[in-house]
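J.: based on what follows, work out the 3D shape:
(4 chains)
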Number of protein chains: 2
Amino acid sequence: MEQILPHLDSVFSIDCVLFGFDGKELKILLIERNEEPFKDWWALPGNIVGPDESLDQSAARILYELTGLRGIYMEQYYAFGDPNRHPQGRVITLAYYALIRLGGDKELRPISTYAKRANWLPITDLPKLAFDHQKIYDKGLEKIKRRIKHQPIAFELLPEKFTLTQLQHVYELVLGKKLDKRNFRKKIVSFGVLKELDEKQKGVSYRAATLYRFDKRKYAKLFGKEISF
Amino acid sequence: MEQILPHLDSVFSIDCVLFGFDGKELKILLIERNEEPFKDWWALPGNIVGPDESLDQSAARILYELTGLRGIYMEQYYAFGDPNRHPQGRVITLAYYALIRLGGDKELRPISTYAKRANWLPITDLPKLAFDHQKIYDKGLEKIKRRIKHQPIAFELLPEKFTLTQLQHVYELVLGKKLDKRNFRKKIVSFGVLKELDEKQKGVSYRAATLYRFDKRKYAKLFGKEISF
DNA sequence: TTACTTAGTGTAAAAAATACACACTATATT
DNA sequence: AATATAGTGTGTATTTTTTACACTAAGTAA
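T.: Predicted structure coming up:
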């Protein structure tokens, strides 16, 4: 019902749950707030949707402003609108998640002033979060758990070239359980979305593993058939 | 980012895709608009979120106001926020779906004045819809297609007592394909969420089928294990 | 009683998922 | 040069799940 457009005191925002993987741990990006309410608390990065932005554009902008990153696979997953979720008024927020490979070269750009600092914190040891952000995070984790079983989002967490062991490691962290090495390899290879490279891992003090690359073209063909891990 | 609460000219609404099943066809509830823009067009029923409502409450209220129905399984599934989706201003809308058993006793209550009339129209033959409502509907259908494979939402479309053939019929309509009768029955019974009744179908001019009831208690136990059709 | 219409049932074959253990290889250490 | 170390990489047998497929049983209507 949209023919009446009253002037309402409500605000619409986007909050992002950025999952990052540094090769070892799964982390999320949090900011330490510099203003009331919840001054000094950790919170999810978020911002208000601009008047001329689509939702996806807005989410992309917010991610960019906070991290300097572009071109990240990102998706909305739930709207949170409890009337009391924000102590200062009605704020409906749409949650997005993104998956990011951390480490090495790419550092987080300095971010806007509403935060003291931003940090990647391991999901195994999160602080108390501002607002209802714990709930938003919980639902986000749940979401990617489901999604990783059917869509190739795991590759977003890995460098372009990766070993099968690293890939399995990501699955184990997200799903929160051990997987059988032989079965995992059999299955993931059988989907035919991996390209085996002639290259080997470098700098390890044991047998070097073969490197693989995710083959987007093959995946595009496969779409429709859902894959499942 | 929520510490600043500017006064914005944006409106937040909810639109509902109500899927109804009358025993034969899958239908959705549409209203014929009585006001500009899109006067005389068919549109999804929707409304603006009230200042003191949670999103789910708001959706429930809207459904109630438009149909008189309560206690319906209903879930948000996507937010649409293209800046140009509404010709008169910025309207971000959150889409919900609901599944409803049609027919017999329960009639739609007269609804508010912004619509000339409301009608259940078969999804196989929909008119052009106002705004981006075709997109909203498409995404909703996609959503329940996925969901019906894993969660027992099909039962919401059926009367309390139903036959296995009716249940299969619902699956076929939603999924848009034929299913094998024996395999379907084998599978659905194996989940153990159906209770076979001592009763038979009445008023048919052929062999009467056994009636079943969905057993919510058994389903609750089973939750966690996803079921799949 | 017969014709009609839908209900209800089983099995074999193929495909997918699971469980499981050891030899290989590159490097570091002595 | 020999050895220890740590992770790589592979195959098979078993179980479970999925698929394909066709006839008899029961009730109603004429």
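J.: what about the least confident helix or strand in chain A by mean pLDDT and DNA strand C, touching?
T.: Lowest on mean pLDDT, DSSP states H and E among the helices and strands of chain A sits helix A:216-222, with a mean of 79. No - applying CB under 7 Å from any atom of the strand, one finds helix A:216-222 separated from DNA strand C by no less than 12.9 Å. Backbone N, C-alpha and C define where each C-beta goes, glycine included.
J.: now do that helix: distance to the chain's middle.
T.: With CA atoms, centre = their mean, to the nearest Å as the basis, helix A:216-222 stands 22 Å off its chain's centre.
J.: for it, which outside residues touch it?
T.: Under the contact criterion CB atoms under 8 Å, 6 or more residues apart in numbering or on different chains, helix A:216-222 has outside partners A:Pro152, A:Phe191, A:Gly192, A:Val193, A:Lys195.
J.: helix/strand/coil for the residue nearest to A:Ile72 when sequence neighbours are not counted?
T.: Leaving aside its chain neighbours, A:Ile72 sits nearest to A:Ala98 (4.8 Å; criterion: CB to CB, 6 or more residues apart in numbering or on different chains). Following DSSP: H, G, I helix; E, B strand; the rest coil, A:Ala98 is assigned to strand.
J.: can you check the one 5 residues further on too?
T.: Here A:Gly103 is coil, with the state taken from three-state DSSP.
J.: surely it is in contact with A:Glu25?
T.: No - with contacts counted by CB atoms under 8 Å, A:Gly103 stays clear of A:Glu25, the gap being 10.9 Å.
J.: so who does the residue nearest to A:Ile72 touch?
T.: A:Cys16, A:Val17, A:Leu18, A:Phe19, A:Leu63, A:Ile72, A:Tyr73, A:Met74, A:Glu156.
J.: would you mind listing the buried residues in the lengthiest helix in chain A?
T.: Assignment by DSSP state H gives helix A:133-148 as the longest helix of chain A. Within helix A:133-148, the residues that count as buried by 16 or more other CB atoms under 10 Å in any protein chain shown are A:His133, A:Ile136, A:Tyr137, A:Lys139, A:Gly140, A:Leu141, A:Lys143, A:Ile144, A:Arg147, A:Ile148.
J.: how about the residues you listed, which pair is most distant?
T.: A:His133 and A:Ile148 (22.0 Å; CB to CB).
J.: can you show me the helices along chain A?
T.: A:55-67, A:133-148, A:164-175, A:181-190, A:216-222.
J.: right, and the ones you listed - which one's nearest B:Ser205?
T.: When those are compared (using CB to CB), the closest one is helix A:133-148, at 45.7 Å.
J.: quick one, the closest one and helix A:164-175 angle?
T.: Relative orientation of helix A:133-148 versus helix A:164-175 (axes from the mean of the first three to the mean of the last three CA atoms, to 10 degrees): 130 degrees.
J.: other residues contacting helix A:133-148?
T.: A:15, A:17, A:19, A:28, A:43-44, A:77-78, A:80, A:93, A:95, A:97, A:99, A:123, A:126, A:128-129, A:153-154, A:171, A:174-176, A:229.
J.: and chain A, which residues reach DNA strand C?
T.: So chain A meets DNA strand C at A:Asp180, A:Lys181, A:Arg182, A:Asn183, A:Lys186, A:Lys187, A:Val204, A:Ser205, A:Tyr206, A:Arg207, A:Ala208, A:Ser228 (CB under 7 Å from any atom of the strand).
J.: just give me the closest of the residues you listed to A:Pro51.
T.: Nearest to A:Pro51 among the residues of chain A next to DNA strand C, with distances taken as CB to CB, is A:Ser228, at 41.1 Å.
J.: pick out the lowest-pLDDT one from the contacts of A:Ala98.
T.: Among the contacts of A:Ala98, A:Tyr73 has the lowest pLDDT, at 79.
J.: contacts only, for it.
T.: So A:Tyr73 contacts A:Ala98, A:Leu99, A:Ile153, A:Glu156 (CB under 8 Å, 6+ apart).
J.: kindly state the beta-bridge partners for the first one.
T.: Put plainly, it is A:Ala98. Beta bridges link A:Ala98 to A:Leu18, A:Met74, judged by DSSP bridges.
J.: quick check: nearest residue in space to A:Asp22, chain neighbours excluded?
T.: Leaving out its chain neighbours, the residue that sits closest to A:Asp22 by CB to CB, 6+ apart is A:Leu102, at 4.2 Å.
J.: now the one you found: how far from chain B?
T.: For A:Leu102, the distance to chain B (CB to the nearest CB, to the nearest Å) stands at 22 Å.
J.: now swap in A:Arg207 and tell me
T.: 38 Å.
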